[in-house]
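Undergrad: Quick one: sequence and predicted model below, then my questions.
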Amino acid sequence: MKLIFEKGNKGRGCELLPPCDVPITEVNPNFKRNIELHLPEVSETELSRHYTELMKRTFGVNDGFYPLGSCTMKYNPKINDEMAKLPGFSEIHPLQPEDTIQGCLEVMALAEEYLCEITGMDRMSFQPAAGAHGEFTGLHLIRAYHKSRGDKKRDKILVPDSAHGTNPASATMAGFKVINVPSTKEGLVDLEALKKLVGEDTAGFMLTNPNTLGLFEENILEITDTIHQAGGLNYYDGANLNAIMGIARPGDMGFDVVHLNLHKTFSTPHGGGGPGSGPVGCKDLLAKFLPSPQVMKNSDGSFRLEYNNEQSIGRVKAFYGNFLILVRALTYILTLGREGLKNASESAVLNANYMMHQLKETFSIPFPKACMHEFVISLEKLKKEKGVSALDIAKVMLDYGIHPPTMYFPLIIQEALMVEPTETEAKETLDEVIAIYKQIYEEAVNNPESLHNYPLKTFIGRPDEVMAARNPILRYRAE
Amino acid sequence: MGTYVPNTLQEQEGMLHSIGLNGREELFNSIPKEVRLDRSLKLPSGRSEMEVRNIMTNLAEKNRVFKTIFRGAGAYRHYIPSIVKQITSKEEFITAYTPYQAEISQGILQSIFEFQTMICELTGMDVSNASVYDGATAAAEAIIMCIERKRRKVVVSETVNPEVIFTIKTYCSGLDIEILTVAAKEGKTDLSKLEAILDQEIASVLIQQPNYFGQLEDGEAINTLVKSCGAKYIISCNPISLGILKTPAEYGADIAVGEGQPLGIPLSFGGPYLGFMAAKEAMMRKLPGRIVGETKDSQGRRAFVLTLQAREQHIRREKASSNICSNQALCAMTAAVYLDAMGKRGLEQAAILSMSKAHYLADRLCEIEGFELVYKGEYFNEFVTSCPGSVDKILQVLEERGILGGYPLTGELDGKLLWCATELNSKEEIDNMIDILKEVVGR
């Protein structure tokens, strides 16, 4: 398909702005742009059709089944988007006087109250813009806590080998050294190994629970206690909170700080990669270190932004976070309420178990006992015996009009496919997908060679990623 | 209660039975009793869509939407073409995930590739990433990009937006990076003070152009100083201004960053916004975040993919160049559609209008006794004035008339106002405010 730069013609464009009604100010030649600016010159018709073409080459939750493990690609309710577009939210300058932003502050206060209740935390900041940004912020809270106690030796963060890549990357960015904790053959944190790894240099432990294999850490209280006994703090990666809303809370499991992904659990859309929102909640012992400003309630019931927090870790971003994403999440929480959130989690876990149960005769599932909201398939045997990889299987799925599961993650499972159907899929969709998965498997066993060439029905076939990396073309240049 | 679960309770009973379970509780047998919540969440009950709409609308109405805004300071209200809102409301774009499956994600990938190209065009740089969270984190990431083993000090001008400086401080606080600041002189970076602190341990120097006070920095003189000590030069810029003002590349910058919000993104009470980062080719493999590249598919057709992923967290884990995963993709698309619609001519026009209105506003304000330009240098669309009498009182009167006046500065500049104008401010609006101010000051 042509780029927008290859469409249109010189002189074309849209008339969008009026003539100048005040004297024109000339730019001092010392500050004037001298290099040519190449932007597209297209009519509105061409522009509109260009993006309709791009739209057809995009696959969203609206297009079909999207079981990306650990990504919680649930349906994105339309009312949420409409509320975020209300001028009373979208047209508010972040530096308006406090008496003119009471609605925004109330949104933040309400969301804080509800999300603290859901997670068992005491305070929350909405400044972090995404999950990884939340991890970074939460780790800085841990750093500030130890520092405030004069405890300077604690420079290590423990991370399970099944963790998301962002966990160790965030720990490095926050200035910690990363220690990997092995998993047991049951797919859980190896408690004995953990006990040997903790010590006076342990700053904290990061854990996703249920973990990335879709398993609940049954020894969670012993795990968090081990860290506390060693003087460290426990960090909860909220990527998988969708399994346990209203059923169990990180705050009751011994976690001191959590981040949430509003763009996973709380139904806000992913936007092709963002914007998300990664609020960080914590127990009272860390509250004074939260990013500044914090929303506080005045005695007369109004709200203020409190900047006077001497021990705060400071800012992690300009202003107050991805506010319009928070508006969407609050709309969702108000819609579902206490029963609805619990029902969402129960239904997510049921859908995952139903799929896993129907697939476990056909596929190798390393932990087939019972899963939470997601489960992992391993195609190691198929790869070894038939030469068909997880990638091959995923690419066939594209031709069936369904999005493949997360591939090659978690890293501790060979040829992994990680399936998270979410609660917003109907039983008949699951049944259709189960049938497709089985059909593809059969094809892989009987006719393995044919599987290396899919997809055939998409706009492009498999792209040459090696060429892209060896000879990077990262922008268009006019001839 | 509202719900987005399609299956009825009856259907779910059937599903439970088919997998050999007697009830929903059994799904959670692996969660130990001690951590099970033995009560309902203390949240309101679910509500119908109509009820929720009322609650949210009432909350929105507790905010004040200003018809006229003369305030910027990091967030700018510009005209947003209708087509920008239309295109970025398409459900496919809104509900798609990060484009890991390239074959069904060419739309998102191509839009990012086009965005990267436009950011390179605006800034004059060679390569751009797919976006980071906002202008403040873009500046912080740029500073981290430039750190070398023997260069662990960075210089930040005090004329950079304070929210950006605070963010940089947090980002550097865990990384053993020393931040040196250079004071301002007459609203611009003090060149002699800058020269005095530069040495071989400085990794990079960050300035903002136009700076926080709206003043245009002497970007070339700063470049000469920065390069003489071998440091990298980072310029944070306002993308609208680049329609007419000199690019970071022309000043000799190694990295250009900025807040992309002015490019078609509403004020949104501060977010979601758009951080952009572009660099010289030599720094390509140090850029954080996603980058889209062009390649070919198995049949030789043009294709786009996420590339250079060996920098990223999902491959490199603790050795990654940054932890960023989710970015601001939909905001990047918004900026791209905005620039498509405006084109070169439109962007130039927006820049000229903004600059001209700001100068007209400044001239008219200075007609009133007590309002004076605090800095005498060249400026784009923001400037600082003194204020006759109480800042609070004047802003209060404007607020009552539906006008958001200049931003009240604090600290050494207490009692001064930072004003901003864009193409949205008509002559009539400006004249009207001047009349109001004359009335207040005259009283």
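TA: Arrived safely, thanks for sending.
Undergrad: what about residue 337, neighbour count?
TA: Picking chain A for this. 22 (other C-beta atoms under 10 Å in any protein chain shown). Heads up, the C-betas are built off the backbone N, CA and C, glycines and all.
Undergrad: The intended chain is chain B.
TA: Neighbours of residue B:337 (other C-beta under 10 Å): 27.
Undergrad: how close does residue B:243 sit to chain A?
TA: Using C-beta to the nearest C-beta, to the nearest Å, residue B:243 is found at 7 Å from chain A.
Undergrad: Can you give me every residue that contacts that residue?
TA: A:33, A:37, B:344, B:347-352 (C-beta atoms under 8 Å, 6 or more residues apart in numbering or on different chains).
Undergrad: same deal with residue B:144?
TA: Residue B:144 touches A:173, B:171-172, B:175, B:177, B:288, B:322, counting by C-beta under 8 Å, 6+ apart.
Undergrad: Turn the contacts of residue B:243 into a markdown table, columns for distance to residue A:467.
TA: As requested, the contacts of residue B:243 are exported to a markdown table (distance: C-beta to C-beta, whole Å):
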| residue | distance to residue A:467 |
| --- | --- |
| A:33 | 35 |
| A:37 | 30 |
| B:344 | 32 |
| B:347 | 34 |
| B:348 | 37 |
| B:349 | 40 |
| B:350 | 39 |
| B:351 | 39 |
| B:352 | 43 |
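Undergrad: which residue packs closest to the closest residue to chain B within the stretch 151-300 of chain A, ignoring adjacent ones?
TA: Residue nearest to chain B within the stretch 151-300 of chain A: residue A:175 (2.7 Å; C-beta to the nearest C-beta). In this structure, residue A:175 finds its nearest non-sequential neighbour in residue B:174, 2.7 Å apart by C-beta to C-beta, 6 or more residues apart in numbering or on different chains.
Undergrad: any idea how far the one you found lies from residue A:311?
TA: 16 Å (C-beta to C-beta, to the nearest Å).
Undergrad: Which of these two has more residues huddled nearby?
TA: residue B:174 (20 against 13).
Undergrad: Is the more buried one in contact with residue A:170, as I believe?
TA: No. Contact between residue B:174 and residue A:170 fails when scored by C-beta atoms under 8 Å: they sit 10.4 Å apart.
Undergrad: what touches both of these two?
TA: Common neighbours of residue B:174 and residue A:170 (C-beta under 8 Å, 6+ apart) are residue A:139.
Undergrad: related to what we said a few turns ago, before we move on, what SS does the residue of the stretch 151-300 of chain A closest to chain B have?
TA: Three-state call for residue A:175 (DSSP: H, G, I helix; E, B strand; the rest coil): coil.
Undergrad: That one is in contact with residue B:177, isn't it?
TA: No. Counting by C-beta under 8 Å, residue A:175 stays clear of residue B:177, with 9.5 Å between them.
Undergrad: What lies in contact with the lowest-mean-pLDDT helix or strand in chain B?
TA: Here the helix or strand of chain B ranked lowest by mean pLDDT, DSSP states H and E is helix B:313-316, holding a mean of 85. With C-beta under 8 Å, 6+ apart as the test, helix B:313-316 has contacts from A:132, A:164-166, A:168-169, A:409, B:309-310, B:320, B:322-325.
Undergrad: what about 10 Å?
TA: For helix B:313-316, the surrounding residues in contact (C-beta atoms under 10 Å, 6 or more residues apart in numbering or on different chains) are A:132, A:164-170, A:172-173, A:408-409, A:411, B:100, B:288-289, B:309-310, B:319-325.
Undergrad: Moving along the chain from the longest strand anywhere in chain A, name the first helix or strand you hit.
TA: Longest strand in chain A by number of residues (criterion: DSSP state E): strand A:202-208. Using DSSP states H and E, the helix or strand that follows strand A:202-208 in sequence is helix A:220-229.
Undergrad: how far does the longest strand of chain A sit from the chain's center?
TA: 19 Å (C-alpha atoms, centre = their mean, to the nearest Å).
Undergrad: and residue A:304, what are its bridge partners?
TA: Note on residue A:304: beta-bridge partners by DSSP bridges are residue A:296.
Undergrad: From chain B, how far out is it?
TA: 14 Å.
Undergrad: distance between the lengthiest helix in chain B and the chain's centre?
TA: Looking across chain B with DSSP state H, the single longest helix is helix B:329-366. Offset of helix B:329-366 from its chain centre (C-alpha atoms, centre = their mean): 15 Å.
Undergrad: Alpha carbons of whichever helix or strand comes after it, as CSV, please.
TA: Following helix B:329-366 in sequence order, the next helix or strand is strand B:382-385 (DSSP H and E). The C-alpha trace of strand B:382-385 is given here as CSV (Å, rounded to 0.1, in the frame of the first residue of the first chain):
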residue,chain,number,x,y,z
GLU,B,382,4.4,32.7,25.1
PHE,B,383,5.8,35.6,27.1
VAL,B,384,6.0,36.8,30.7
THR,B,385,4.6,40.1,32.0
